[in-house]
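*Asks:* Predicted model follows, preceded by the sequence.
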Protein chains: 2
Amino acid sequence: MSSSAIAFARQNHARFLDELKALLRIPSVSTLPEHKGDCRRAAEVLAAELRRIGMENVRLIETEGHPLVYADWLHAAGKPTALCYGHYDVQPPDPLDEWISPPFEPTERNGNIYARGAVDDKGQVWAQVKALESLLAADGKLPINVRVLLEGEEEVGGEGIANFVASKPPELKSDFALVCDTELFAPGLPTLCVGLRGMIYTEIEVRGAKTDLHSGMYGGAAPNPFVSLAQIIARLKDENGHILIPGFYDGIIPPSAEELAAWRSLPFDEEEYRKAEVGSRQLVGEAGYSVLERTWARPTLDVHGIPGGFTGAGAKTVIPAKAQAKVSMRLVPGMTPARAFEQYKSYVEKIAPAGVDVEVRLIHSGDPCLVPVDNPYIQAATRALHEVWGKDTVFIRSGGSIPIVGDFDRHLGLPSVMMGFGLPDDNLHAPNEKFHLKNFELGIESLIRFLQEAGR
Amino acid sequence: MSSSAIAFARQNHARFLDELKALLRIPSVSTLPEHKGDCRRAAEVLAAELRRIGMENVRLIETEGHPLVYADWLHAAGKPTALCYGHYDVQPPDPLDEWISPPFEPTERNGNIYARGAVDDKGQVWAQVKALESLLAADGKLPINVRVLLEGEEEVGGEGIANFVASKPPELKSDFALVCDTELFAPGLPTLCVGLRGMIYTEIEVRGAKTDLHSGMYGGAAPNPFVSLAQIIARLKDENGHILIPGFYDGIIPPSAEELAAWRSLPFDEEEYRKAEVGSRQLVGEAGYSVLERTWARPTLDVHGIPGGFTGAGAKTVIPAKAQAKVSMRLVPGMTPARAFEQYKSYVEKIAPAGVDVEVRLIHSGDPCLVPVDNPYIQAATRALHEVWGKDTVFIRSGGSIPIVGDFDRHLGLPSVMMGFGLPDDNLHAPNEKFHLKNFELGIESLIRFLQEAGR
């Protein structure tokens, strides 16, 4: 097996990093309409680069939202076909004032590159592209057949790619998916993610009076939508982290005894995690479950913001006519988004306080998933990772949701190899997102070796 | 008693209205730092006009915030002295998209003038200035001694005027205060307000993790400040409108049996009020109390907004590091802001859920007040109102707070005549604030006659 691709990657590391910075400078925030043009620009940059390195049939696939990027190289007769997935869109950068360097001016510091999207997911998309470039440049060919499918709506529910995958197009016919959007369990520890939580992301809107009212004149008679919303939220989850929606926990498939035992042997210290990663006074959640169980294998409910009303500096004595809450729930194997949303919606409507109208809306959802560890591509990945990192792979789950993994399984029958190179403190979705530069480098090498192993 | 001042006012009504429009075009939003210059400009316009009509010693009095406007005319030897109060600052106009005509482009429609500040309080301040102008222009003098004191911080707690009044300056020596910042109980019904609720306006800040976190990765372990805040708010007031803060209702002085009987005879229909003014599915609040009792003589608690977190369109899967709530309570006779805040703060700190830090801040406060009905200036006002409106005055209270009324009493020993010409549906603090044009006109006449009656 040639190592000339690895040598190529090492020789070109500085260039690869400069190119990544250019991609990170594009503020492709998929949820904000004003960045629609930036999302397309990021897609075009990726398409141009895939074309330049020798991938074929490169094109943008239009959706109702941001475009998909497709490319392939299908000349490895008799070899399996990988579907390489990533996303070029990013989360909004707010709160802006907490960034040490601006979110769209990638900056190297402490062996990391800081920028919105550095690790989630542009850095990992670029690692895939650079692995393909290294193989094509060094060997003139790829060790297996490869299709690339990148999306620009992962942070907003991925409707475009979901519809495309659901249509089962011939150009996605593959043997497995390679999904680069996860992280190492700990620095230097090669990791494969074999389980993801699903989710439902919702909005509750509460309406009281027909217009905003003076709280002095009307306080005591007019319903206050913020108070009603607080009363609703307080009845969704109790102070012990237990979700109060009737039937919500029914049918959950718990992790096996072996999986739980493996998790217990992982290098994980709850107190260290509290101090270094979360930084809160104490951790919260359901009693009787470890942090890893609570974040990987138990459903949760979070509130992300409560828009509406008066939010400026100082005081405004108003009873707002309406209030909203952005509420999401993470789901685990045995739960479905449709059933969870129905249970949640019925319950919220039932507990709505008197005097207000309540509307519950589903913004997007994703299925939970589990991948069998004995899959041959998972096994190929463990061999590749062992060679690059010098250690046995650990199998973990992630508390996050990658809805496309469920779609690849359901519509295309593809198992996903979730190989990612982020770190737990990379500040995903938060200020000062970063990607460890060494992980960008070893990520590219891991992907090169994995494609080679998958073709053996 | 001369009626030439009334004749002057009638002849000049169109000009008075044009001048009011010019004042309404100044966006003197006291709570927003970017409108600091506009607040000063409104003060300067008022000072210039007071000077023009013949008031003396006109000047701006600087405060740490927006300036006060002072003027006097003290040549009515042997007559009492009125201290005429109003405010030139206004509430923020948001939500902007609900205004039919822009908030700072005064527009006549349906016999009303629509603009932010039309009735609260620029229209009523202007009515006072125009009453003084009419008397000075028609008679060459005023029937009593008059001091004018206008402030620009009423909507943000009035700290500047409170400090000035508390210093008991000689230029405020008077016999009574005339406060024009209230409303008629019903169209055409002359009304004096003899009671006001006090208030405390507060912020609760809840902090969880040290930074915003991905809700997938950390959901189930990291505290969610919005959920904690909802749990706190849900324990402040129950679904029956009862405030749950221990000791909060202790010491409340209920209205007398006579006052309650008078309220019951007012032209007030709770169902009509619900439909026409509030427009909610139903009214809320404490069982066993009428709407007038609940809004005039019972304390309440309202939430005005819950800033922080993700409030944009779409979805962001974040556990915000912190959340805030703007919470105010209205107080009634027998309660004090200091005691109410202490009870509230202790309780919030006690019920704070595990895992989060909670801070409770007082933004501003005001005492509740009651004015005796047998006061000679209240009696003079009822005579004047009867002449202009052809009806007996009704004595009401207001659920709102005018902290300066308490300050005039406590520091200067002045009873306040709260004579106002707003209507219940004037949309104070809300979109489409208005002032009925006829009430502007009769308001000026009422003020002319009142000053004359007070000098008899």
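*Replies:* Okay, I see it. Numbering: from 1, shown residues only, chains lettered A, B, ... in the order given.

*Asks:* Please count neighbours and contacts with C-alpha atoms only from this point.
*Replies:* Noted.

*Asks:* Around chain B, pick out the residues from the stretch 1-150 of chain A.
*Replies:* Counting by C-alpha under 8 Å from any C-alpha of the partner chain, the stretch 1-150 of chain A comes close to chain B at A:31-32, A:91-92.

*Asks:* And what about whichever residue of the stretch 351-456 of chain A sits closest to chain B, helix, strand or coil?
*Replies:* When you check the stretch 351-456 of chain A against chain B by C-alpha to the nearest C-alpha, the closest residue turns out to be A:Gly400, at 3.7 Å. Secondary structure state of A:Gly400, per DSSP: H, G, I helix; E, B strand; the rest coil, is coil.

*Asks:* what are the ranges of the strands in the stretch 201-350 of chain A?
*Replies:* A:213-214, A:300-305, A:318-319, A:322-331 (DSSP state E, counting those that start in this stretch).

*Asks:* Which among those strands is found nearest to chain B?
*Replies:* strand A:300-305 (4.5 Å).

*Asks:* Generate TSV for the residues of the stretch 1-150 of chain A next to chain B, with secondary structure as supplementary columns.
*Replies:* Output for those, formatted as TSV (three-state DSSP):
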residue	secondary structure
A:Thr31	coil
A:Leu32	coil
A:Gln91	coil
A:Pro92	coil
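
*Asks:* For those, could you give me CSV that also reports distance to B:Arg383?
*Replies:* Shown next, in CSV, are these (distance: C-alpha to C-alpha, whole Å):
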residue, distance to B:Arg383
A:Thr31, 63
A:Leu32, 62
A:Gln91, 67
A:Pro92, 63
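
*Asks:* Now, of these, which are buried?
*Replies:* Neighbour-count burial within the residues of the stretch 1-150 of chain A next to chain B applies to A:31, A:91-92; the criterion is 16 or more other C-alpha atoms under 10 Å in any protein chain shown.

*Asks:* sorry, back to before: for A:Cys369, state which of the residues of the stretch 1-150 of chain A next to chain B is nearest.
*Replies:* Comparing the residues of the stretch 1-150 of chain A next to chain B against A:Cys369 with C-alpha to C-alpha places A:Gln91 closest, at 22.9 Å.

*Asks:* mind checking pLDDT for the closest one?
*Replies:* What the model reports as pLDDT for A:Gln91 is 95.

*Asks:* residue contacts, it?
*Replies:* A:29-31, A:116-117, A:155, A:429, B:316 (C-alpha atoms under 8 Å, 6 or more residues apart in numbering or on different chains).

*Asks:* Scan the residues you listed and report the most crowded one.
*Replies:* A:Arg116 (35 neighbours; other C-alpha atoms under 10 Å in any protein chain shown).

*Asks:* right, and it touches A:Leu24 too?
*Replies:* Yes - judged on C-alpha atoms under 8 Å, A:Arg116 makes contact with A:Leu24 at a distance of 7.1 Å.

*Asks:* got any residues that touch both of the two?
*Replies:* Listed as contacting both A:Arg116 and A:Leu24 by C-alpha under 8 Å, 6+ apart are A:Phe104.

*Asks:* now the residue of the stretch 351-456 of chain A closest to chain B, nearest residue through space, not along the chain?
*Replies:* Leaving aside its chain neighbours, A:Gly400 sits nearest to B:Gly216 (3.7 Å; criterion: C-alpha to C-alpha, 6 or more residues apart in numbering or on different chains).

*Asks:* mind checking how far that neighbour is from A:Val156?
*Replies:* B:Gly216 sits 14 Å away from A:Val156, going by C-alpha to C-alpha, to the nearest Å.

*Asks:* Tell me which of the two has more neighbours.
*Replies:* Under the criterion of other C-alpha under 10 Å, the comparison of B:Gly216 against A:Val156 puts B:Gly216 first, with 27 against 23.

*Asks:* Enumerate every residue touching the more buried one.
*Replies:* Contacts of B:Gly216 (C-alpha under 8 Å, 6+ apart): A:197, A:295, A:330, A:398-401, B:317.

*Asks:* try 7 Å
*Replies:* When contacts are counted by C-alpha atoms under 7 Å, 6 or more residues apart in numbering or on different chains, B:Gly216 touches A:330, A:399-401.

*Asks:* Kindly report the same for A:Tyr218.
*Replies:* B:Thr295.

*Asks:* mind listing what's buried in stretch A:274-289?
*Replies:* Applying a neighbour-count criterion of 16+ other C-alpha under 10 Å, one finds A:274, A:277-286 buried in stretch A:274-289.

*Asks:* ugh, wrong one, I meant stretch A:103-112
*Replies:* A:103-106, A:108, A:112.

*Asks:* Same check on stretch A:137-156?
*Replies:* A:137-138, A:141-156.

*Asks:* quick one on the thing from earlier: ok, now how distant is the residue of the stretch 351-456 of chain A closest to chain B from B:Val371?
*Replies:* Taking C-alpha to C-alpha, one finds A:Gly400 at 62 Å from B:Val371.

*Asks:* ok, back up a step: restricted to strands, list the buried residues of stretch A:137-156.
*Replies:* Among these, the members found in strands (DSSP state E) are A:145-151.

*Asks:* just curious, which of these is nearest to chain B?
*Replies:* Using C-alpha to the nearest C-alpha, A:Glu151 comes nearest to chain B of those, at 16.7 Å.

*Asks:* re earlier: okay, the buried residues of stretch A:103-112 in CSV with pLDDT and secondary structure next?
*Replies:* Below are the buried residues of stretch A:103-112 laid out as CSV (pLDDT from 0 to 100; DSSP: H, G, I helix; E, B strand; the rest coil):
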residue, pLDDT, secondary structure
A:Pro103, 98, coil
A:Phe104, 98, coil
A:Glu105, 98, coil
A:Pro106, 98, coil
A:Glu108, 98, strand
A:Asn112, 98, strand
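
*Asks:* In the residues you listed, find the pair that's most separated.
*Replies:* Top of the distance list for the buried residues of stretch A:103-112 (C-alpha to C-alpha): A:Phe104 and A:Asn112, 14.8 Å.

*Asks:* Flag the shaky bits of the stretch 1-150 of chain A, pLDDT-wise.
*Replies:* Residues of the stretch 1-150 of chain A meeting the criterion pLDDT under 70: A:1-2.

*Asks:* can you map out the strands along it?
*Replies:* Under DSSP E, counting those that start in this stretch, the stretch 1-150 of chain A gives strands at A:56-61, A:68-73, A:81-87, A:107-109, A:112-114, A:145-151.

*Asks:* and the angle from the last one to strand A:56-61?
*Replies:* When axes from the mean of the first three to the mean of the last three C-alpha atoms, to 10 degrees is applied, the directions of strand A:145-151 and strand A:56-61 differ by 20 degrees.

*Asks:* what comes up buried for the following helix or strand past strand A:145-151?
*Replies:* Counting by DSSP states H and E, the next helix or strand C-terminal to strand A:145-151 is helix A:159-166. Going by neighbour count (16+ other C-alpha under 10 Å), the buried part of helix A:159-166 is A:159-162, A:164-165.

*Asks:* quick one: contacts for the closest residue to chain B within the stretch 51-200 of chain A?
*Replies:* Residue nearest to chain B within the stretch 51-200 of chain A: A:Val156 (6.0 Å; C-alpha to the nearest C-alpha). Residues in contact with A:Val156 (C-alpha under 7 Å, 6+ apart) are A:30-31, B:314-315.

*Asks:* please redo it, this time with the cut-off set to 6 Å
*Replies:* A:Val156 is in contact with A:31, B:315, counting by C-alpha atoms under 6 Å, 6 or more residues apart in numbering or on different chains.

*Asks:* Tell me the residues on the stretch 201-350 of chain A that lie near chain B, please.
*Replies:* Within the stretch 201-350 of chain A, the positions near chain B by C-alpha under 6 Å from any C-alpha of the partner chain are A:208-210, A:212-214, A:216-217, A:219-223, A:226, A:230-231, A:234, A:278-285, A:294-295, A:300, A:303-307, A:309-311, A:314-315, A:318-319.
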